[in-house]
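K.L.:
Need a 3D model of the sequence below.
(chains A and B)
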Protein chains: 2
Amino acid sequence: MKPLATEELQLLHRYWQAANYLAVGQIYLRDNVLLQQPLQPQHIKPRLLGHWGTSPGLNLIYTHLNRLIRHTGADVLYICGPGHGAPAILAHAYLEGTFTQTYPEVTQNAAGMLRFFRQFSTPGGIPSHVSAHTPGSIHEGGELGYSLAHAFGAAFDNPNLLVACVVGDGEAETGPLEGSWKSIHFLNPARDGAVLPILHLNGYKIAGPTVLARMPDRQVRQLFEGHGYEVLLVEGNDPLLVHERMSEVLGKAYAKIRAIQEQARTGALTQTPRWPMIILRTPKGWTCPKEWEHHPLEGSFRAHQVPLDEVNKNPEQLAMLETWLKSYHPEDLFDANGTLLPELAAMAPEGSKRLGATPYGNGGHLLQELQLPDYRKYALPVKTPATTTGMATQQLGKYLRDVFAANEQQQNFRLFCPDETNSNKLTAVFEATNRCSMNALFLSDDHISKDGRVMEVLSEHLCQGWLEGYLLTGRHGFFPCYEAFITIIDSMFNQHAKWLKTCNELPWRQPIASLNYLLTSHAWRQDHNGYSHQGPGFIDTVVNKKSTVIRLYFPPDANTLLAITHHCLRSKNYVNVIIAGKQPELQYLDMEAAIQHCIKGASEWHWAGNSPSAQPQVILACAGDVPTMETVAAAWLLRKNLPQLQTRVVNVIDLMALTPRPYHSHGLTNEDFEQLFTTDTPVIFAFHGYVRVIHDLIHGRPNPSRFHARGFMEEGSTTTPFDMVVLNQVSRYHLAIEAIKRSVPEDENGKQVIQLFEQKLEEHNLYIREHLVDMPEIAAWKWE
Amino acid sequence: MKPLATEELQLLHRYWQAANYLAVGQIYLRDNVLLQQPLQPQHIKPRLLGHWGTSPGLNLIYTHLNRLIRHTGADVLYICGPGHGAPAILAHAYLEGTFTQTYPEVTQNAAGMLRFFRQFSTPGGIPSHVSAHTPGSIHEGGELGYSLAHAFGAAFDNPNLLVACVVGDGEAETGPLEGSWKSIHFLNPARDGAVLPILHLNGYKIAGPTVLARMPDRQVRQLFEGHGYEVLLVEGNDPLLVHERMSEVLGKAYAKIRAIQEQARTGALTQTPRWPMIILRTPKGWTCPKEWEHHPLEGSFRAHQVPLDEVNKNPEQLAMLETWLKSYHPEDLFDANGTLLPELAAMAPEGSKRLGATPYGNGGHLLQELQLPDYRKYALPVKTPATTTGMATQQLGKYLRDVFAANEQQQNFRLFCPDETNSNKLTAVFEATNRCSMNALFLSDDHISKDGRVMEVLSEHLCQGWLEGYLLTGRHGFFPCYEAFITIIDSMFNQHAKWLKTCNELPWRQPIASLNYLLTSHAWRQDHNGYSHQGPGFIDTVVNKKSTVIRLYFPPDANTLLAITHHCLRSKNYVNVIIAGKQPELQYLDMEAAIQHCIKGASEWHWAGNSPSAQPQVILACAGDVPTMETVAAAWLLRKNLPQLQTRVVNVIDLMALTPRPYHSHGLTNEDFEQLFTTDTPVIFAFHGYVRVIHDLIHGRPNPSRFHARGFMEEGSTTTPFDMVVLNQVSRYHLAIEAIKRSVPEDENGKQVIQLFEQKLEEHNLYIREHLVDMPEIAAWKWE
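P.N.:
The predicted structure is shown next:
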């Protein structure tokens, strides 16, 4: 990139001033937007919202990235960690024309500028954080900590993309952000794009100083060199000097990135390269008034939000605001109609090179359909239900292996997992690809390479953040995780679900691939782990989100898991949660039956019950592999011991089928629901998760109090699988006993059978609680 | 500390071997525990569980900490991050006698050793991770990433304590752990104890290499020097050399720590000191067999769990196991009765200095009651309900200020908060204390000092981890947080709730102070933030936990907030979640009424309804400040427009009052519940959170389908407070309309009133959706 000539420096500076002017304007003005009249209280918004503090820094970076793009033709994605700086990002979108392109009513003249200012942070307008509404953004700026993980996710498999990621120094204190710096150990410059982190140290959070900003330059440099970066420092408060330094450093960083990529792409790179990063130290609230009532504003936490917050009623503040706004010389930026002067407009890149218009920022534009093998090929034969065992995730591993193979050319599918691919029995994928690492390899390593597509890192946050960035830029992925530990990213899921919900309301946002979880190593089969590994709470977190966005599946065996996963990998704009164990388990449905079951979402398993009539005496319902086994076994016990009792077994694979149709599109119609569950038969419902989900979903269905749900009730330890279902009172015996009590409580035979089953439970408890330490035999480790 | 003499070196080494022997024994042996006979398949456990990989390293550290304690008399707490290494920690507890003291049936002889081996990871025994069952532990080893935050929390205000915190290199990849290194910026050596992090780089996680282990020494050193530590390296695979180096380095670290503390305590320290840390590089699975079938075991991921996993059926493996066990020379460690030889037993510290017996590891022993001011002093006067406004958290701030003052002497209370104390209107606390920081201060800073007791860091993970460590070592704390962002620590809360539940089952675990959250800046009042800040999902996560452990409160105004908080600060062994807004809001109850309301948990507000009878036509119920205001307003609208309709208003402050009594001790008795809600009157329930919680809690109450809950339904943006309740259909008009529809659907007057209210909503929508951008007036920003 050419050095910055004086004339270009002046133009850059004025462009930055234009952006600053628009940022301040959004916060304060509801009229007199070009300051053509003296500023009056009636020109001020009724309520002052928005964040100034980080805006001038964000504006500086945007301005210089524009120059980089113009000079090099690079494709750049701008990720704005300090999302409260929306006034800055929106200002630039407006200046470069992408805002008007997206929201045509906001024109590039005085009338449009008026609307632009008024709509900011106003009901009916654009929210005050960088959000899905913001052109060019894939990153919600509300919850801090994920920008850098998103940036790397966006860069994977996008070899021509440069992701400029601004990290605020508040955000940099969060755990997930601190854990993201190591992503360079997983970024392959031969096939991936680049991330240029720009750590913006402006000194303060909302009220207190930041840790990094108070560290001396030497130590900050040491820290990030320790992380493996080449640190380039830009520091100052004189705008012209900072512009010069910034353009020099940005050019240097860009050249270094291209050199690394060239070296890697010609095969000359052997290890994690030292990627450049920029540390930018500028004052918080830079260029706002210096102080108010002897308290500093510029350079202090008091500039975080609205530095002068009484301009409505305080004439002195109003005058200060006017001086502040005029310090940017709007008359030298916009013509009398409020249109940006042509020499400034020329400072932005053109067309889809503009940061607000890049297709990488609206990834559905780049989405290529995933090539999927025929999942029926991987079916386990099931001649008679519940007689053979198989490992569902093992079969799925073979299918995923071939998904990798089928998309080798497209390079648009990855698996993200916290070091558990093998543990989750998906080992077959390593026949098609490897774990990814850029570090030195040892002979003792297993299936690792620089071009592996299995992203294993012991950080659920990083897996989730990478995957989100990967999906949001138009690719596909799959996230297998231990069930209990997926709640580590509850909040990240929340934000992604909110993002998708908002995108659904924005016609210009193109559909992207769904976020697919496989939760395995679940609560019921933690045979050699403890209570900490037993937690199905993610279901509750997911169910709460907007029904247009979420789906939950409980395939009970291998063939249903294959059919469901295939379906999920083809879907768009959802979060799909699939919960299925990794252990050898009973198989119930052949592939054709599995497909029919998945289509219905819930169906009667005739072979498991014994009621030919439309009115059974009791319904045994279930969702989840272990509850399904217990339910099938309970029905069998009842058939054997109380054959006259008419039972029906219903399996629910698509949990949202239970919801009344108005609340979820997968909800069974009333007719279908009543055909399955009748209107008044008692239902004993064995559920994988906490029972409250069932209590909620059936609210509004006929006669909900007849549903007696059993599920995980927070009892667990290192124990046998059968003991887990006993501890949580969802064992075959518990289910069968309740079925009798709820259907034929007065039946004498029934009472005897109950006694028999209670005795069985007592024997189990005695055995496991008192004698297992004596280890008389191995049997107790097996299923009853 | 004295240098290691040859004789002591030999004894240390043998003690380490004894621990290694016991670790291997726990994984494999169910008989022949002293190897007095040739090893046979019947001596092997039926199922091999437990993790060997990290155990020898943990054993090494424990052995050397023992020596440090013996030589210096220090009080040390051992926090074991790699909790899968329970075989190591339990082995040491057994060797030093604390295990037998805690579980007397496990004696220190051959019979006891047999029981010790058998009970490990066996139903009825001790789980396979370091857990609440483990003597001396405050840290559950199941979910990785929190050890270092716990360590610092334990060290705060414990000036004589040294917390040795082992961090595994897998764990070190998690975000929360990476975000914990900066805790030294908040640790004041003048008043706090010390943390000695020991980063154990053994190279592999479950299946893949770790990032840190593959970084060259020089770079690892640079990273942690960048974090501010002095790095001391111990590396090797020759045990005797490693012992020598470890004892030298540990002595050096200890001396450095004491020097820092002395300097600080004599007032000579001006800034964050450079604390020592140890990096320990030893092979994974150190001292196990070198390889099996040409795959390396020692030093590879294959040693992570059970290195030889077919000893039951494979004679060659059985022989290898025997050789492995004999390599520790059990005959030189234990006498013929299986008791540790006296010269080895003397290597452990004595009494409560033992790591398994320190009172810091069972913090209830050290708990001093918090001194609490009379909360009634801070009451807001309320002469007539719902006529004056006040700010609940502002009042609470004054109360908390005086809590700080009252415990100035005890130094056992802190507030943990992600930089939001001011924002949450708790500003009064700064009259009694400051924010804490060890860094250089600037003139522009506000209320910061080295001895501040408000722990502000922009990391919910760190706030939660510090607080847990602080509570578990016997102190008190309070965690105010933005409601939406508390879900960042969902999983940490899960694990803490599980820990408390388990402790309740262990009589030797002493009660500790409750973990108290104040969730403010909540979903309904994010006037200048966006959709990302609107999420009440933490309620659902909490409700799922064991009912003996969790409590949820929704104080609707200032006086109830004061009474509830006071109650929570006095309670033990709970997680208390208090949800209350920070904005000016209507006040309902004077202090006496507030106290009565809190005691009941839920009560009728006679002044708000108009039904004198025991049988109202409709009940308007509510929980949460904003829903309460809408409910009171709805009742008022109904009184005004449809005076003949008999309404009752019920406010629920203690959410668990709704649960049937058998499921929660706060549950209303059937009698009380029916007195409030009758058995059949329709109930319109306005709830702060997602409605599913209400649907669940009332399951089992008479006639649950008459409860019509409304709550947050994932609609939000930057908008007005009133628009938020309209968007989510919980506004006064929505409530009043539903009340009429559910009670007097055929009433002609009622139909007219419904029309009137629907028109009001339409006007609002038209105004806010279409016209607000034109900003004709300020009114829309106010409550209707």
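
K.L.:
contacts and neighbour counts: CA atoms only from here.
P.N.:
Will do.

K.L.:
Give me the neighbour count for residue A:319.
P.N.:
15 (other CA atoms under 10 Å in any protein chain shown).

K.L.:
What pLDDT is listed against it?
P.N.:
Residue A:319 carries a pLDDT score of 98 in this model.

K.L.:
can you tell me which helix or strand it belongs to?
P.N.:
helix A:315-326 (DSSP states H and E).

K.L.:
Please point out which parts of that helix sit buried.
P.N.:
Neighbour counts using 16 or more other CA atoms under 10 Å in any protein chain shown place A:317-318, A:320-322, A:324-325 of helix A:315-326 among the buried residues.

K.L.:
just how off-centre is that helix within its chain?
P.N.:
Taking CA atoms, centre = their mean, to the nearest Å, the mean C-alpha location of helix A:315-326 is offset from the chain mean by 42 Å.

K.L.:
Please enumerate the helices of the stretch 401-550 of chain A.
P.N.:
Along the stretch 401-550 of chain A, counting by DSSP state H, counting those that start in this stretch, helices occupy A:460-472, A:490-504, A:538-543.

K.L.:
Mind putting those helices into TSV with distance to residue B:658?
P.N.:
Output for these, formatted as TSV (distance: least, CA to CA, whole Å):
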stretch	distance to residue B:658
helix A:460-472	36
helix A:490-504	26
helix A:538-543	19
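
K.L.:
Tell me which of those lies nearest to chain B.
P.N.:
Minimum separation from chain B across these (CA to the nearest CA) falls at helix A:490-504, 5.1 Å.

K.L.:
neighbouring contacts of that closest one?
P.N.:
A:131-133, A:140, A:143, A:461, A:464-465, A:468, A:509, A:538, A:541-542, A:545-546, A:548-550, A:573-575, B:485, B:487-488, B:490, B:531-532 (CA atoms under 8 Å, 6 or more residues apart in numbering or on different chains).

K.L.:
give me every residue that touches the closest residue to residue A:318 other than its chain neighbours.
P.N.:
Nearest residue to residue A:318 in three dimensions, chain neighbours excluded: residue A:311, at 4.6 Å (CA to CA, 6 or more residues apart in numbering or on different chains). By CA under 8 Å, 6+ apart, the residues touching residue A:311 are A:41, A:44, A:317-318, A:321.

K.L.:
if I look at residue A:311, how far off is residue A:326?
P.N.:
15 Å (CA to CA, to the nearest Å).

K.L.:
Buried residues of the biggest helix by length in chain A, list them for me.
P.N.:
Ordering each helix of chain A by length in residues (DSSP state H) puts helix A:239-265 first. Neighbour-count burial for helix A:239-265 flags A:242-251, A:253-254, A:256-257, A:260-261, A:263-264 (criterion: 16+ other CA under 10 Å).

K.L.:
before we move on, the earlier item: what helices or strands is the helix holding residue A:319 leaning on?
P.N.:
Applying 3 or more CA pairs under 8 Å, 6 or more residues apart in numbering or on different chains; DSSP states H and E, one finds that helix A:315-326 contacts helix A:6-28.

K.L.:
Which phi and psi values does residue A:357 adopt?
P.N.:
phi -120, psi 0 (degrees, to the nearest 10).

K.L.:
Strands along the stretch 351-500 of chain A, start to end?
P.N.:
A:389-390, A:413-417, A:435-436, A:448-449, A:454-456, A:476-482 (DSSP state E, counting those that start in this stretch).

K.L.:
Which strands border the longest one, and is each parallel or antiparallel?
P.N.:
Using DSSP bridges, the strands paired with strand A:476-482 in its sheet are strand A:413-417 (parallel), strand A:515-520 (parallel).

K.L.:
from the buried residues of helix A:239-265, which are also near chain B?
P.N.:
The subset of the buried residues of helix A:239-265 lying close to chain B, counting by CA under 8 Å from any CA of the partner chain, is empty.

K.L.:
okay, stretch A:57-66 in CSV with CA atoms only?
P.N.:
The C-alpha trace of stretch A:57-66 is given here as CSV (Å, rounded to 0.1, in the frame of the first residue of the first chain):
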residue,chain,number,x,y,z
GLY,A,57,-11.9,4.8,17.5
LEU,A,58,-14.3,2.6,15.6
ASN,A,59,-14.7,5.4,13.0
LEU,A,60,-10.9,5.7,12.7
ILE,A,61,-10.5,2.0,11.9
TYR,A,62,-13.4,2.0,9.5
THR,A,63,-12.0,5.0,7.6
HIS,A,64,-8.6,3.3,7.3
LEU,A,65,-10.0,0.0,6.3
ASN,A,66,-11.8,1.8,3.5
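
K.L.:
if you average pLDDT over that stretch, what comes out?
P.N.:
98.

K.L.:
who are the neighbours in contact with residue A:665?
P.N.:
Contacts of residue A:665 by CA under 8 Å, 6+ apart are A:547-548.
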